[in-house]
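# everything below, folded, please.
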Amino acid sequence: MDQSAPPTAASERRSPTPAAARKRKGVRHLKQALIDGRFELHYQPIVSVRDGSVASVEALLRWKDPAAEHAELAGLVWLVERSPVIFRLHDWALGEACQAVESWRGTPLYDMRVNVNVSAHVLPRSRLPGRLQRQLRASGLAAKSIALEITETSRMDDFDAAGAQLERLMAMGVELWLDDFGTGHSSLEWLSRLPVHGVKLSSTFACRPGQDRCRAIVTRVVQMAHDLGLRVVAEGVETEEQRDFLAGAGCDFFQGYLFCPPVPAADLQAALEKPTAAPR
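Numbers count the residues shown, from 1 in each chain. This is a model prediction of the structure:
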């Protein structure tokens, strides 16, 4: 028998590659975490640079266990985004966000738009408009209550199909944003082919306010976005220096610990009333 013969398809299924084994483990982990209720959403305000008013809040996925590592969670989501389980995670997050808005009924938060992250990779095959519509009907909310942030951790497979999904969402009244713009796979092609209302600059740009190259890049990206009729959010703003730099570059909104950290839905109103969350 030839000992150097390649493995059969059956033997390959029995002995997956290390990457495939990690993915399978990640899928099982995420499925079980959803069943066990180990996730929750925290909410972080997105603030107007002009007057300090809160324009919306972003829903951020967190472990319920405060000792659990956020980096581990981010890696887990990245690992499974090409698996069907990502649809279950999106449905859960959309449902939780709708429930949070409903829990704010009768408070100033009720009219606040909540931004929910959706992987760009799944857009062409997600049937996202219908999935979101079902969540909105169940909670009795209007489409304007939810915005979607398109994350681009992997390359877009089908711009035409993704664009068609986004056009339907936009027609429903859903606000659309490109998240972490300027890093990863995002590019000018995304802006030229996908219908969106704005872009969120990666926090890596906020970290370098004293660098001339960074200042030049941010200024030109913001100007280009404005020329396209888009708004710009600067992410990861933690210091007054960073805020002043991004405001000077023309950003419309900012988000970060300078204003308010991410907090559970029940704690958001109190967090916004703290002096540390007051605008300048």
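# mean confidence for stretch 54-68?
Averaging pLDDT along stretch 54-68 gives 92.
# what sits up against it?
Contact with stretch 54-68 is made by 37-48, 69-70, 73, 77, 93, 96-97, 100, 112-117, 147, 149, 175, 253, 255, 262, 268, 272, as judged by C-beta atoms under 8 Å, 6 or more residues apart in numbering. In short, each C-beta sits where N, CA and C put it, glycine included.
# buried residues, it. List them.
54, 55, 56, 57, 58, 59, 60, 61, 62, 63 (16 or more other C-beta atoms under 10 Å).
# roughly how far does the first one sit from residue 208?
In this case it means residue 54. 26 Å (C-beta to C-beta, to the nearest Å).
# now do the SS call for residue 210.
Under the three-state scheme (DSSP: H, G, I helix; E, B strand; the rest coil), residue 210 adopts coil.
# might you report the residue contacts of it?
residue 241.
# for it, report the pLDDT, please.
Per-residue confidence (pLDDT) for residue 210: 71.
# torsion angles phi and psi at it?
With angles defined as degrees, to the nearest 10, residue 210 sits at phi -90, psi 0.
# so residue 91 makes contact with residue 130?
No: applying C-beta atoms under 8 Å as the test, residue 91 and residue 130 come out as separate, 11.1 Å apart.
# more crowded one of those two?
Shown here are residue 91 and residue 130; by other C-beta atoms under 10 Å, residue 91 has more neighbours (17 against 10).
# doesn't that one fall inside a helix?
Yes: with three-state DSSP as the criterion, residue 91 is located in a helix.
# what sits against it?
131, 135 are the contacts of residue 91 under C-beta under 8 Å, 6+ apart.
# so what's the nearest residue to residue 230 once chain neighbours are set aside bridging to?
Nearest residue to residue 230 in three dimensions, chain neighbours excluded: residue 198, at 4.8 Å (C-beta to C-beta, 6 or more residues apart in numbering). Going by DSSP bridges, residue 198 is paired in beta bridges with residue 177, residue 231.
# so what's the residue count around residue 245?
Neighbour tally, residue 245, other C-beta under 10 Å: 23.
# next: residue 78.
Taking other C-beta under 10 Å as the neighbour definition, residue 78 ends up with a count of 14.
# in the helix or strand that contains it, what counts as buried?
Taking DSSP states H and E as the definition, one finds residue 78 inside helix 70-80. By neighbour count on 16+ other C-beta under 10 Å, the buried set for helix 70-80 is 73, 76, 77, 79, 80.
# how distant is that helix from the center of its chain?
Chain-centre distance of helix 70-80: 13 Å, with C-alpha atoms, centre = their mean, to the nearest Å.
# what do you get for stretch 245-258?
On the basis of C-alpha atoms, centre = their mean, stretch 245-258 sits 18 Å off its chain's mean C-alpha point.
# please apply the same query to stretch 232-252.
Going by C-alpha atoms, centre = their mean, where stretch 232-252 is centred and where its chain is centred differ by 19 Å.
# could you shift the numbering so residue one becomes 310, and keep it that way?
Noted, 310 is the first residue going forward, which turns the last one into stretch 541-561.
# mind checking the SS state of the residue nearest the centre of the chain?
Centroid-nearest residue in the chain: residue 426, 3.0 Å away (criterion: C-alpha atoms, centre = their mean). Secondary structure, three-state DSSP: residue 426 is strand.
# ok, now how distant is it from residue 350?
In this view, residue 426 and residue 350 are 10 Å apart by C-beta to C-beta.
# re the thing from before, out of the buried residues of helix 379-389, who's nearest residue 496?
residue 386 (21.9 Å; C-beta to C-beta).
# ok, that closest one touching residue 394?
No: between residue 386 and residue 394 there is no contact under C-beta under 8 Å: 10.1 Å.
# thought residue 417 was touching residue 578, still the case?
Yes: using C-beta under 8 Å, residue 578 is in contact with residue 417, at 7.4 Å.
# residues in contact with residue 552?
Residue 552 touches 358, 546, 563, 567, 589, counting by C-beta under 8 Å, 6+ apart.
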